[in-house]
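Q: Predicted model, plus sequence, below.
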Amino acid sequence: MILLAAAGLLSMLAQVVILRELVAALFGVELLYVVALGAWLAGTAAGALLGRGVAGSRAVVAVALFALGALTLAELCFIRTAGVIVGAVPGAYLPFPVQLACVVAATMPASFVCGLLFPPLVRRAAVVGVPPSQAYAWECAGAAAGGLMVTAMFWLGLSTLQVAVFTAATAGIAGLRAVVSRSVPFLIAMAGIGALASVVVLGPARGWDASLLRWQYPALAAVEDTPYARIVVTRAGNQLAVFANGALAFDTEGTSAEAFADLAALQLPHPSRALVIGGGMEGVPAALAAHGLASIDNVEVDERADALVRRILSPAGGQKRAERPVRVIFDEPRRFLEGAQAYDLILVAMPPPTSGETSRFYTQEFFAACRRHLRAGGVVAIRLPAAENFWPPPLVRLVAAVVRALQTEFPIVSVIPGATMYAFGSVATLPDSAEPLVQRLYERRLNPRLMTPPYLRYLYGNDRRTEVRGVLTLLARGGVNRDAAPVSYGYAAMLWLSKFYPRVAVGVGSTAAPGVRTGIAVCLALVAAALWWGSRTRARASVTVMLVVSAATMALETVALLRYQVANGVMFVNVGGLLTCFMAGLGLGSWGGGLPAVRRRLAARPWMMAAAVLVAAGGVLLMTRWPALAGIAGTGVLLATTGGVAGAAFAAMAHERPGESSRAVGSLYAADVAGGAVGAWLAPLVLVPAFGLDGTAALAAVAAFALVPLCLTLSSRR
């Protein structure tokens, strides 16, 4: 049982280390993160299928555990040096096939070993009378402990390399436990490995971490792995550049912060109180203070990143940092906004809405909250990436969805096009020409670097402004960016793909269009029919039930986490706890489903499995109607319930063929993780952009009805 728990713990640790490195190395592109997660689950499924024929000897288990620890460190080094290996330009995207190859090469070996371990360990457990359902529960318990452990380590300030060293040491201890039966030698070896790992983690690992990162950042000045992102600062002469998860956030020679602050502050004749959401490290609040505001609140999420950047930037003198009128608050911005006082000006300086993490600051619901906290005549200001001349269709639709959300809440919206597009919303009249802004610039005696009087006249007077405004108004009818239907999420994925395949940009349409939704629904129905037709035997039906349940529960898990993210922010320490709730529910469901009394009831009433999935989907849908359910407690209970459904399904299907359960469990485990891979790919890449969060949960409920004929197949052949 100890080895099963250790396998689950190591699987979680290795997965987090590798996926976190991929996110940082591939510029934080959420699409690739989803692909990597699916690839990890697919590799686990392949390993489990092969593991069905692997003997459960001590030597085999020990070698697999040792290999998992070594692969975790090796994959980390590979990810950090992959760009150099393929000859890529530092800071540039790798060709898309190369990126996919790197994702597969980084995830498949370690995940394959994780899957390979499970069937032999189940065989060893069966020798001492432990059924597959309880063996699965032990592995899930180890994974839950690993989720809490790795979250705590990142929160305490350990880097990814330090966590990888800890993972390798833990794998070494588990491997020794597999081959050393006597307790005294094992305890001595465990103490030695633990002491050595502690010295390495607390000592030279920090230096090794910086040395490895210099392959990616030759001018590295400082680095910090926070619970939210990897923050890297590079130095070239007097210029400093700050990267978040590999993507350039800002540099000290840029004018983006000053331009945004100036253009927003000039919209009002006498702004007094302002709120800046994000942008503190970039210098937006400091630039805004130059306009003489009496009070500026700057809400930031990542306190550790802010401290690192301020510490590095202070001696550089590359930015004005007017601290007196600026009050920095570290909190979840949407939660802070709900309890804040009214402002004259709200600046949204968060990254663009290219992921579920950032889209929540550009939705209709968020703009409605901003409107409630604006004084009479107040202004909300946003900025979005755009283009001076040709706009790819995904970019136009992305910007249009956000502008439409702003127009839904504010009757007056002013759009200023350019390489960066600025949009301002208000219930009062906004300047429609540059002259009021120029007059205010003179009155405040400012000498901006970019927003000079001639440039302001150019921005407001060129014909592109009228043209862009007309295009956005026309295309905005295609959808509004909302919390429950993040239109920008799908468009951002298409926009990123178009960097490598321009035809994607030319031919893309709305992912939420009725025709697209109908096509997706028809495809899902055909897949369900094919699965039912190919599962007319008892053995195939049990595997298919596990596949469908796993895919449905993974989709529900994704929706629940996105709902939590929208309501409470990107608090990775809480999300780690929520994932632990899911794994704990998975283990408890498998343990409880394997109890004789429960197993007999499931066998007599096979439709109960479909009903359980239906109940879990209903719980996710209720999160929309009762926001209190989207809190930490409600989401945790819901995820535990969803995991319990999947765990109970595994237990029930494992006992469908008791005479051959030692081999069948490998197929069921492979179906479990393969279904998870399908759900991990489909939910964020296809279903959420097309159907929204509620629609995705509803489709999971429909999948419950698809389980009914499969369960009847099992019942009729029992």
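A: Yep, it's here.
Q: quick one: contacts of stretch 549-557?
A: Under the criterion CB atoms under 8 Å, 6 or more residues apart in numbering, residues 582, 609, 613, 616-617, 620, 639, 642-643, 645-646, 649, 671-676, 678-680, 682-683, 687, 696-697, 699-700, 703-704, 707 lie in contact with stretch 549-557. C-beta: built from backbone N, CA, C; applies to glycine.
Q: And these, which of them are buried?
A: Buried subset of the contacts of stretch 549-557 (neighbour count, 16 or more other CB atoms under 10 Å): 582, 609, 613, 616-617, 620, 639, 642-643, 645-646, 649, 671-676, 678-680, 682-683, 687, 696-697, 699-700, 703-704, 707.
Q: In helices, which of these appear?
A: If you go by DSSP state H, the buried ones among the contacts of stretch 549-557 have 582, 609, 613, 616-617, 620, 639, 642-643, 645-646, 649, 671-676, 678-680, 682, 696-697, 699-700, 703-704, 707 in helices.
Q: And the host helix or strand of residue 69, what's buried?
A: Using DSSP states H and E, residue 69 sits in helix 58-85. For helix 58-85, burial by neighbour count (16+ other CB under 10 Å) applies to 58, 60-62, 64-69, 71-76, 78-80, 82-83.
Q: From the contact counts, what lies against it?
A: Applying 3 or more CB pairs under 8 Å, 6 or more residues apart in numbering; DSSP states H and E, we find helix 58-85 packed against helix 2-25, helix 96-127, helix 160-179, helix 205-213.
Q: buried set for the longest one?
A: This points to helix 96-127. Residues of helix 96-127 classed as buried by neighbour count (16+ other CB under 10 Å): 99, 102-103, 106-126.
Q: the strands in the stretch 401-550 of the chain, which residues?
A: Taking DSSP state E, counting those that start in this stretch as the test, the strands found in the stretch 401-550 of the chain are 412-416, 420-426.
Q: Redo those as JSON lines? Include mean neighbour count.
A: Compiled in JSON lines, the strands of the stretch 401-550 of the chain are given as follows (neighbours: other CB atoms under 10 Å):
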{"stretch": "strand 412-416", "mean neighbour count": "19"}
{"stretch": "strand 420-426", "mean neighbour count": "22"}
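Q: out of these, nearest to residue 397?
A: Closest of those to residue 397 is strand 420-426, at 13.6 Å (criterion: CB to CB).
Q: hmm, who's touching the closest one?
A: Contacts of strand 420-426 (CB under 8 Å, 6+ apart): 256, 259-260, 263-264, 267, 367, 370-371, 374, 377-386, 399, 402-403, 406-407, 409-410, 412-416, 430, 468.
Q: redo that, cut-off 7 Å
A: Residues outside strand 420-426 that contact it (CB atoms under 7 Å, 6 or more residues apart in numbering): 256, 263, 267, 367, 377-386, 399, 403, 406, 409-410, 412-416, 430.
Q: so that strand versus strand 412-416, what angle?
A: Computed by axes from the mean of the first three to the mean of the last three CA atoms, to 10 degrees, the angle separating strand 420-426 from strand 412-416 equals 170 degrees.
Q: Renumber starting at 46 from here on
A: Right, with 46 as the first residue, what we last looked at is strand 465-471.
Q: From the chain's centroid, how far away is strand 465-471?
A: 27 Å (CA atoms, centre = their mean, to the nearest Å).
Q: got it, and stretch 99-117?
A: Remark: stretch 99-117 is offset 30 Å from the chain centroid, using CA atoms, centre = their mean.
Q: Let me know whether my guess that residue 287 is in a strand holds.
A: Yes: according to DSSP: H, G, I helix; E, B strand; the rest coil, residue 287 belongs to a strand.
Q: how far away is it from residue 309?
A: As judged by CB to CB, to the nearest Å, residue 287 and residue 309 stand 22 Å apart.
Q: Comparing the two, which residue is more hemmed in?
A: Taking other CB atoms under 10 Å, residue 287 and residue 309 do not tie; residue 309 has more neighbours (28 against 22).
Q: model confidence over the helix or strand hosting that one, on average?
A: Counting by DSSP H and E, the element that carries residue 309 is helix 301-310. Per-residue pLDDT over helix 301-310 has a mean of 94.
Q: quick one: contacts of that helix?
A: Taking CB under 7 Å, 6+ apart as the rule, helix 301-310 contacts 295, 316, 324, 327-329, 332-333, 336, 390, 392, 394, 426, 428, 461, 465, 467, 493-496.
Q: so what are the domain limits for the chain?
A: Using automatic domain parsing, the domain ranges for the chain come out as 46-175+203-263, 298-542, 558-763.
Q: looking at those domains, which is closest to residue 184?
A: Using CB to CB, the nearest of the domains of the chain to residue 184 is domain 46-175+203-263, at 3.9 Å.
Q: what about that closest one, start to end distance?
A: Domain 46-175+203-263 has an end-to-end distance of 46 Å (CA to CA, to the nearest Å).
Q: go on, stretch 470-477?
A: 13 Å.
Q: what's the answer for stretch 413-421, then?
A: Chord length of stretch 413-421, first to last residue, is 15 Å (CA to CA).
Q: Name the residues that touch it?
A: In contact with stretch 413-421 (CB under 7 Å, 6+ apart) are residues 379, 382-383, 385, 387-389, 391, 425, 454-455.
Q: Could you list the buried residues of that stretch?
A: Buried, per 16+ other CB under 10 Å, within stretch 413-421: 414-416, 418-419.
Q: so of the residues you listed, which ones are in helices?
A: 414-416.
Q: Switch the buried residues of stretch 413-421 over to a markdown table, and while doing so, append pLDDT to every line.
A: Converted to a markdown table, the buried residues of stretch 413-421 look like this (pLDDT from 0 to 100):
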| residue | pLDDT |
| --- | --- |
| 414 | 94 |
| 415 | 95 |
| 416 | 95 |
| 418 | 94 |
| 419 | 95 |
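Q: hang on, the earlier thing: of the contacts of strand 465-471, buried ones?
A: Counted by 16+ other CB under 10 Å, the contacts of strand 465-471 give 301, 308, 312, 412, 423-429, 431, 444, 448, 451, 454-455, 458-461, 475 as buried.
Q: Residue 110: what's its closest spatial neighbour, skipping adjacent residues?
A: residue 220 (3.9 Å; CB to CB, 6 or more residues apart in numbering).
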